[in-house]
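S.K.: need coordinates for the below:
(one chain, ligands or ions: 1)
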Amino acid sequence: MPVEPLSQKEIEERLAELPGWSLDDGRLTRSYRLGSHFAATAMVVHIAQVQEELDHHSDLTLGYNTVSLAVHTHSAGGAVTEKDVGLARRVEDLAAGHGAH
Ligand SMILES: C[C@H](O)[C@H](O)[C@H]1CNC2=NC(N)=NC(=O)C2=N1
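M.R.: Residues are numbered from 1 along each chain as shown. Next up, the predicted model:
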């Protein structure tokens, strides 16, 4: 089933419930800081598991003690869709358990 692009207003409404997330260059983005490189690496693996479950994947970047995501929907021509919002919500749900902020 095709997934529709969200309007600018819809994106703003979704972002209002996703503190720390923003729209950068047409993608939903957020960076997290963690207590160590190993903690950041574990969070990347956890996010990868969720992305496989959802069959929806961000550009996921591991730094020394940071994890950064940028996501849009390739199959919607690079627009932001509910799939991106759904992934962002799932990442928010797991972030606290990793001590990410
Ligand atoms: C075949 C597979 O379902 C698709 O390639 C999925 C995989 N992950 C994806 N991730 C993202 N961000 N956008 C997509 O359109 C997408 N499509």
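
S.K.: middle-most residue in this structure, spatially?
M.R.: Residue closest to the mean C-alpha point of the chain, counted by C-alpha atoms, centre = their mean, is Ala88 at 3.9 Å.

S.K.: tell me which element it is part of?
M.R.: When secondary structure is defined by DSSP states H and E, Ala88 falls within helix 82-95.

S.K.: over to Met43?
M.R.: Met43 is part of helix 37-54, with elements assigned from DSSP H and E.

S.K.: contact partners of that helix?
M.R.: Counting by C-beta atoms under 8 Å, 6 or more residues apart in numbering, the neighbours of helix 37-54 from elsewhere in the structure are 32, 34, 57-58, 60, 62-67, 69, 83, 86-87, 90-91, 94-95, 98-100. C-beta here means a position set from N, CA and C on the backbone, and glycine is covered the same way.

S.K.: any idea how far the residue nearest to the centre of the chain lies from Thr41?
M.R.: Taking C-beta to C-beta, to the nearest Å as the measure, Ala88 and Thr41 are separated by 21 Å.
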